[in-house]
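Engineer: Pasting the sequence and the predicted model now:
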Amino acid sequence: MPKLRIAIAGAGLIGLRHIEETQRSQSARLSAIVDPSPKATEVAGKEGVPIYKTLDALIAKDRPDGIVLATPNSMHVEQSLQCIAAGIPVLIEKPIAHTLAEGKRLVESAEHANARLLVGHHRRHSPILNKAVETIRSGILGPIVAVVGSAVFYKPASYYDGPNEWRTVAGGGPILLNMIHEVGNLRAMVGEIVAVQAFTSNATRKLAVEDTAAITLRFENGALGTFLLSDTVASPKSWEQTSQENTDYATYPDEDAYVVMGTDGSLGVPTMRLKYYEKKEDRSWYKPFKEKTIPLERADPLALQIEHFAAVIRGDATPIVSGRDGLQNLRVTDAIVEAAKTGKVVNVDTD
C-alpha cells in the first residue's frame with residue numbers, strides 16, 4: 001500500500017516534530033511544508049520537499065492526502081476551514097482554536113461537512129496514559145475520590161523569542177499551551193470536569209500572559225482535584241520530564257506528574273506505582289499497603305498519532321480525539337481562565 005502524502009503547515013518547534021515523525025512513518029510520507037519564513041525554506045530543502053507560503057498555494061498545486069496544522073493558535077480555525085472546504089483531512093495542533101466561540105464554529109462546520117478532523121492532543125495516544133486509564137477502570141483503586149497533578153518546568157527565554165513572540169500574548173500562555181494537555185489527561189483518567197477555580201500569576205516573567213496557575217477541579221463523578229502549573233520553576237514534576245516519551249527533555253523516572261486516589265488504592269502516573277488494600281477490611285492508615293509497579297511498553301505518542309491520522313484518512317479508524325473532544329478540552333481551559341479572572345467557581349458545560 002503506498003504511503004499517504006502529508007503536508008505540514010508550520011515549521012516551528014512542534015511542526016518540526018511532526019515533520020520528523022511523518023518522515024519516519026510506516027504509513028505516511030512528508031509531501032510539502034507550508035510556512036512563509038526563511039527558516040522553513042531551509043527545512044524544506046533539507047527534507048527534500050517543496051515549500052509553499054500559503055495553504056491556498058499548496059492545495060492548488062500539490063494537493064496532499066492530509067494536512068497537519070502546526071501553526072499559531074489564532075490561525076487554526078481559518079486554516080482548518082480551508083482544509084474542510086477542500087475536502088482534505090486535517091490534524092490540528094491543540095488547542096483546536098484560540099477562543100471557545102471560534103472552536104464551536106469550527107466543530108459545527110466540520111460536523112456539517114462530515115469532515116475528517118482530529119485534534120493533536122497526542123497524549124491520548126500514549127501507552128502510559130492508556131495503561132493508567134485501564135488500571136483505573138479495572139476498579140483496583142475503588143471509586144475515585146481525588147487527583148493531584150502538576151506540570152511545572154522552566155521554559156528558556158528562546159521559547160518566547162523571534163517568531164515565537166506570539167506566546168507572550170493572549171492565547172500563548174501555559175494554560176492554553178500546556179494545561180490543555182493536562183485537561184485531556186485528567187478527563188481520560190478521572191472523568192468529565194464540571195467546575196473549576198483558579199489563581200494565576202505573571203509575577204515572574206511579567207509577560208501579558210500567565211506563567212503560573214493553581215487550579216482546583218470538580219469532576220462529574222464527585223471526585224475533586226488540584227493542579228499546579230508553571231513554566232518558570234526549576235522542577236521535574238511534569239509529564240515531559242517524567243514520561244520518557246520525548247528524549248528532547250531531561251528525564252526523572254522516579255517522579256510522578258499525577259497521583260490518582262480512590263477508596264481502595266492510589267496510582268502514581270507515569271511511574272505506575274500502585275499502592276492498594278487487597279481487602280476492604282484492611283483499609284486503615286495503621287495497616288500497610290500492597291505495593292507493585294505496573295509494567296509498561298513505551299512508544300512516542302506523536303509517532304502513534306501520525307499512524308492514527310493515516311488510518312483515519314484511509315477510513316480504517318475514527319478519530320481518538322475528535323473536534324468535539326478537543327472543544328471540550330478548550331471549554332475547560334477557558335473556564336480556568338474565567339475563574340482566574342473573576343475569582344469565582346466556574347461551571348463547565350459537558351454537552
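Structural biologist: Now that the structure is in, tell me what you want to look at.
Engineer: mind showing which ranges of the stretch 101-250 of the chain have poor pLDDT?
Structural biologist: Applying pLDDT under 70 to the stretch 101-250 of the chain flags residues 171.
Engineer: show me what contacts residue 237?
Structural biologist: Residues near residue 237 by Cβ atoms under 8 Å, 6 or more residues apart in numbering: 150, 151, 152, 255, 256, 257. C-beta here means a position set from N, CA and C on the backbone, and glycine is covered the same way.
Engineer: tell me the SS of it?
Structural biologist: Under the three-state scheme (DSSP: H, G, I helix; E, B strand; the rest coil), residue 237 adopts coil.
Engineer: any idea which helix or strand carries the closest residue in space to it that isn't next to it in sequence?
Structural biologist: Excluding its sequence neighbours, the residue lying closest to residue 237 (Cβ to Cβ, 6 or more residues apart in numbering) is residue 150, at 4.4 Å. Residue 150 is part of strand 144-152, with elements assigned from DSSP states H and E.
Engineer: Would you tell me what the next helix or strand after that strand is?
Structural biologist: For strand 144-152, the succeeding helix or strand toward the C-terminus, using DSSP H and E, is helix 174.
Engineer: can you pull out the strands in the stretch 51-200 of the chain?
Structural biologist: Here the stretch 51-200 of the chain has its strands, by DSSP state E, counting those that start in this stretch, at 51-52, 66-69, 90-93, 117-120, 144-152, 193-201.
Engineer: Who are the packing partners of the fourth one?
Structural biologist: Other helices and strands packing on strand 117-120, by 3 or more Cβ pairs under 8 Å, 6 or more residues apart in numbering; DSSP states H and E, are strand 90-93, helix 301-314, helix 323-342.
Engineer: Between the two ends of stretch 192-208, how far is it?
Structural biologist: Using Cα to Cα, to the nearest Å, one end of stretch 192-208 lies 30 Å from the other.
Engineer: Buried residues in it, which are they?
Structural biologist: 193, 194, 195, 196, 197, 198, 200, 205 (16 or more other Cβ atoms under 10 Å).
Engineer: who's in contact with it?
Structural biologist: Contacts for stretch 192-208 (Cβ under 8 Å, 6+ apart): 160, 168-170, 173, 175, 183, 186-187, 209-220, 231-232, 328, 332, 335-337, 339-340, 344-348, 350.
Engineer: List buried residues within those residues.
Structural biologist: Buried among the contacts of stretch 192-208 (16+ other Cβ under 10 Å): 160, 173, 175, 183, 186-187, 209-213, 215-219, 231-232, 328, 332, 335-337, 339-340, 346, 348.
Engineer: still on that earlier bit, so can I have a markdown table of the strands of the stretch 51-200 of the chain showing distance to residue 269?
Structural biologist: Formatted as a markdown table, the strands of the stretch 51-200 of the chain follow (distance: least, Cβ to Cβ, whole Å):
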| stretch | distance to residue 269 |
| --- | --- |
| strand 51-52 | 40 |
| strand 66-69 | 27 |
| strand 90-93 | 24 |
| strand 117-120 | 21 |
| strand 144-152 | 9 |
| strand 193-201 | 17 |
